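Novice: The following comprises the amino acid sequence and a computationally predicted model.
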Amino acid sequence: ADFNYGADEYDAEGNEEPKALPEGSETMPYIDESPTMSPQLSARGQESGDGVSPTPTDGLGTGGERDAGKGLEMRKLVLSGFLASEEIYINQLEALLLPMKPLKATATTSQPVLTLQQIETIFYKIQDIYEIHKEFYDSLCPKVQQWDSNVTMGHLFQKLASQLGVYKAFVDNYKIALETAEKCSQSNYQFQKISEELKVKGPKDSKESHTSVTMEALLYKPIDRVTRSTLVLHDLLKHTPADHPDYPLLQDALRISQNFLSSINEDIDPRRTAVTTPKGETRQLVKDGFLVELSEGSRKLRHVFLFTDVLLCAKLKKTAVGKHQQYDCKWYVPLADLVFPSPEESEHCPQVHVIPDHELEDMKMKISAIKSEVQKEKANKGQSRAIERLKKKMFENEFWLLLNSPAIPFRIHNRNGKSYLFLLSSDYERSEWREAIQKLQKKDLQAFVLSSVELQVLTGSCFKLRTVHNIPVTSNKDDDESPGLYGFLHVIVHSAKGFKQSANLYCTLEVDSFGYFVSKAKTRVFRDTTEPQWNEEFEIELEGSQSLRILCYEKCYDKTKLNKDNNEIVDKIMGKGQIQLDPQAVQTKNWHMDVIEMNGIKVEFSMKFTSRDMSLKRTPSKKQTGVFGVKISVVTKRERSKVPYIVRQCIEEVEKRGIEEVGIYRISGVATDIQALKAVFDANNKDILVMLSDMDINAIAGTLKLYFRELPEPLLTDRLYPAFMEGIALSDPAAKENCMMHLLRSLPDPNLITFLFLLEHLKRVAEKEPINKMSLHNLATVFGPTLLRPSEVESKAHLTLASDIWSHDVMAQVQVLLYYLQHPPISFTELKRNTLYFSTDV
């Protein structure tokens, strides 16, 4: 993986989408000067020349040869990523310059599109910036390609920094350039067409030949680029030894860049975020984003804007092609009149209709399937119309998911009467909105009513001021954006300190997938303490995730506050924090220790990531004594049983006291408990039954899943896997029935008897779905890959991303198990009696 300082925060229109606000700042700065902003990593391994061998640098005795080699490797990674994004940036500047020549040519004719003066204003200094970066790129590229310990490139960065004067001139002209471009767009249809769709060349190794970007978005790129260069200088310095000849040059370049950033930030910031009220006061945009509102019984996607004195809820108007997009204000509440109803007050509020889990899971599966079809089409150089059709379908499905998955109520009340209800998928987000509003309410705010003209002006300003441009779905992401991580994140929540007084404390973990955050794990409550020691480990499934959030709560045991609305979270958030899941840092075999600081509280945790392929790789046990990782036939023969003891005991315990547990088999058990049970079963300890009866039921469910996952070959066998995949794809019901039953008969007896035993158990679990919320589909999703995933995944050259291989195969694996779960009871004797002759080759 490379560092990617490229367009990692841009949506499909190429608009910038700044990250969340730093603590304590109320305006949205144009440029992020903070050196701490961790560079995003992209999943493109090509530019880095994949296997970089750490070569120790000569004469660097300070950190030892290995450290020097590691530093050298890191420098190369940083530079490779920067070079890749520099190529994207040069292509963007080229795209901007492309229409300039023809526009100049028509300027002197009788029918000019723009005047020479307008062209000069809009494209001011772009040519110079392009030449500076082209020269820089051409000088740096060969150095990175012929990389060794003696390469120096500090002088190139120093030269780049010394030419920032050109950027200063560009920045000074930026506002006028934008206004001129906008005026010309409104008055000239031809220019509007040009400026709405500029074609940017894709990187050399990309499948995409071009992407369309607006002129407004491209004009912002140079401003954004200075920040990127500054971040790279930070990273390079971090990995350059102090006695390296590049060190003083990079230091100098960083100093110049930072001074330049500070000077232009002062110029740019207010233009972006403020709108002036008719009384001449500035009203600044503090926060905006998409939220789901429950309005007249149905879910509506709204764009919500929080200004210094008012919360405004709007929707984007449908506009004719060529017309400027505008917002339509649905309602607004002056912050002086805004209150959050307490849970008791909100009892009479409308109940939230929650969409069943299996419907959401079905939709995720559909989206994954469409994603892999898009990848296939691209790989096979498919028709762009077919790709567009698939992308449109994907957008519709993702939009449905975004609208229907949130279930946490966020209620807002206007003192003068009306209440509003938003639904969020994450308590973290809800508390962010609440805190931002409460912070503004500490000021001396006056109540007011906006006149229709004032409201029109304010709503009109939303389009220009907004910081979130696109609905947060993956189909709006650029192809060069990091696709996020697919696999399993292991997190140990160790402890927390910094609490002022004793409390009952617990943490929850949230990760993002499909464009929104969801809560994935929860520690136990540590009672009456200021220094909780949880030391609990969780395995969290990641589906294209880029961030991990930790929230720390104080548990509320006050019966009067516990609300009837079961989605209302009444526990108090003591602190919350978020970190980027940086693949470089987490994709190591070792645990990576970290601390999140939140409102004076420090939470210590460790994490490591295993990709889907690694986590589901079956590793046969070296020893033949235990039960984990040992062939099922060996275990049943040794035990003289038909079904392994571990399977019988875990199922018996789940049926005794876990069959009504919400999310049984879906919610992670504590990993340390699961490992303890694994050790006891492996040692055939006589205390197994005592331990089982004391153990948390999710840990027992987790042990059963782990047993099947660690079998050296899947329960339904490697040999029959291709036949199962083809059988489930048959469309004729009779042929499918014949084939699927014949495949069961072809299984070895211990595998078949164990599978049927598990099948009946899972059906009994699903009968309790109204209580445990686990449908047959949910159970198939959990167990399908565990029972079918082959030992070695054959390489699939046409499917490049782990996520695509995953989604494609997993859907079929889930469908196979679901077929048997939905089938009328299957008995071993019936199956064996009815030996219909059928070829396993299907």
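Specialist: Received, thanks.
Novice: domain assignment for this structure?
Specialist: For the chain, the TED database gives the domain ranges 66-267, 272-350+406-474, 354-403, 483-613, 628-791+799-832.
Novice: Need the ones you listed in JSON lines (columns: mean neighbour count).
Specialist: All C-beta spots, glycine's among them, are computed from the backbone N, C-alpha and C. JSON lines is the format used below for the domains of the chain (neighbours: other CB atoms under 10 Å):
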{"stretch": "domain 66-267", "mean neighbour count": "17"}
{"stretch": "domain 272-350+406-474", "mean neighbour count": "16"}
{"stretch": "domain 354-403", "mean neighbour count": "17"}
{"stretch": "domain 483-613", "mean neighbour count": "18"}
{"stretch": "domain 628-791+799-832", "mean neighbour count": "18"}
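Novice: possible to save those as JSON lines with mean pLDDT?
Specialist: Compiled in JSON lines, the domains of the chain are given as follows (pLDDT from 0 to 100):
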{"stretch": "domain 66-267", "mean pLDDT": "85"}
{"stretch": "domain 272-350+406-474", "mean pLDDT": "84"}
{"stretch": "domain 354-403", "mean pLDDT": "84"}
{"stretch": "domain 483-613", "mean pLDDT": "83"}
{"stretch": "domain 628-791+799-832", "mean pLDDT": "90"}
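Novice: where does the residue of the chain most remote from its centre land in three-state SS?
Specialist: Here the chain reaches farthest from its C-alpha mean at S110, the gap being 52.7 Å by CA atoms, centre = their mean. Three-state call for S110 (DSSP: H, G, I helix; E, B strand; the rest coil): coil.
Novice: ends of stretch 497-510, how far apart?
Specialist: 21 Å (CA to CA, to the nearest Å).
Novice: who's in contact with the residue farthest from the centre of the chain?
Specialist: For S110, the contact set (CB atoms under 8 Å, 6 or more residues apart in numbering) is empty.
Novice: From Q118, how far off is it?
Specialist: S110 sits 17 Å away from Q118, going by CB to CB, to the nearest Å.
Novice: L787 too?
Specialist: Distance, L787 to Q118, using CB to CB: 67 Å.
Novice: for K392, same thing?
Specialist: Distance of K392 to Q118, computed by CB to CB: 36 Å.
Novice: and P334, backbone torsions?
Specialist: With angles defined as degrees, to the nearest 10, P334 sits at phi -60, psi 140.
Novice: Quickly list what it is bridged to.
Specialist: Beta bridges link P334 to V310, judged by DSSP bridges.
Novice: from memory it sits against V310, does it?
Specialist: Yes. The pair P334 / V310 is scored as a contact, 5.2 Å apart, by CB atoms under 8 Å.
Novice: Looking at this protein, which helix is longest?
Specialist: helix 64-97 (DSSP state H).
Novice: What helices and strands are in contact with the helix or strand following that one?
Specialist: Next helix or strand after helix 64-97 toward the C-terminus (DSSP states H and E): helix 100-107. Applying 3 or more CB pairs under 8 Å, 6 or more residues apart in numbering; DSSP states H and E, one finds that helix 100-107 makes contact with helix 116-122.
Novice: can I get the CA coordinates of the helix it packs on in PDB?
Specialist: C-alpha atoms of helix 116-122 as PDB (Å, rounded to 0.1, in the frame of the first residue of the first chain):
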ATOM      1  CA  LEU A 116      -9.700  38.000 -23.200                       C
ATOM      2  CA  GLN A 117     -10.000  39.800 -19.900                       C
ATOM      3  CA  GLN A 118     -12.400  37.100 -18.500                       C
ATOM      4  CA  ILE A 119     -10.100  34.300 -19.700                       C
ATOM      5  CA  GLU A 120      -7.100  36.000 -18.100                       C
ATOM      6  CA  THR A 121      -9.100  36.300 -14.800                       C
ATOM      7  CA  ILE A 122     -10.400  32.700 -14.700                       C
END
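Novice: Could you check the angle the helix or strand just after that helix makes with helix 100-107?
Specialist: Downstream of helix 116-122, the first helix or strand assigned by DSSP H and E is helix 126-145. With axes from the mean of the first three to the mean of the last three CA atoms, to 10 degrees applied, the angle from helix 126-145 to helix 100-107 works out at 160 degrees.
Novice: Show me what helix 126-145 is packed up against.
Specialist: Using 3+ CB pairs under 8 Å, 6+ apart, helix 126-145 sits against helix 64-97, helix 154-162, helix 164-187.
Novice: so how far is the following helix or strand past the last one off the chain centroid?
Specialist: Put plainly, it is helix 164-187. Per DSSP H and E, the first helix or strand lying C-terminal to helix 164-187 is helix 189-196. What separates the centre of helix 189-196 from the centre of its chain is 34 Å, taken as CA atoms, centre = their mean, to the nearest Å.
Novice: what's helix 189-196 in contact with?
Specialist: 99, 103, 113-114, 181, 184-186, 214-216, 322.
Novice: Also stretch 116-133?
Specialist: By CB under 8 Å, 6+ apart, stretch 116-133 touches 86, 89-90, 93-94, 96-97, 100, 103-104, 107-108, 114, 160, 163, 166-167, 169-170, 173, 176-177, 180-181, 184, 215, 219, 222.
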